[in-house]
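*Asks:* Got a predicted structure here, sequence first:
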Amino acid sequence: MKELVEYIVRSLVENKDAVSVAIEESEEETIVRVNVADEDMGRVIGKNGKVASSIRTIVKSFAGKDRRKTFVKFGD
């Protein structure tokens with residue numbers, strides 16, 4: 001899952017070296033934290049959050065087989 005999110009986010013931003021993706025897992029949920037450079041945050045969020053929503057949809061469908069709650073959080 002981490003590689004999938006990194007691939008999607010790196011294809012959107014200009015500063016590819018500033019992209020970091022971390023996965024935090026607990027018994028009930030998985031949190032995917034995405035950090036990018038400040039100037040690229042708008043590209044990842046998109047107008048009205050549409051790009052971020054699309055990324056969340058892809059991640060949730062990918063994680064659906066595990067039947068765990070999965071969240072994607074952008075920024076710190």
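*Replies:* Arrived safely, thanks for sending.

*Asks:* For the protein, which helix extends over the most residues?
*Replies:* Across the chain, the longest stretch assigned as helix under DSSP state H is helix 50-63.

*Asks:* mean confidence score for that one?
*Replies:* Across helix 50-63, pLDDT averages out at 92.

*Asks:* what comes into contact with that helix?
*Replies:* Applying C-beta atoms under 8 Å, 6 or more residues apart in numbering, the set of residues contacting helix 50-63 from outside is 1, 4-5, 8-9, 12, 30, 32, 34, 43-46, 70-72, 74. For every residue, glycine as well, the C-beta is placed using N, CA and C.

*Asks:* On the three-state scheme, residue 22 is what?
*Replies:* Using DSSP: H, G, I helix; E, B strand; the rest coil, the three-state assignment for residue 22 comes out as strand.

*Asks:* Could you find the closest non-adjacent residue to it?
*Replies:* Closest residue in space to residue 22, ignoring its immediate chain neighbours: residue 33 at 4.7 Å, by C-beta to C-beta, 6 or more residues apart in numbering.

*Asks:* The helix or strand that contains the one you found - what's its average pLDDT?
*Replies:* For residue 33, the enclosing helix or strand under DSSP states H and E is strand 29-35. In this model, strand 29-35 carries a mean pLDDT of 93.
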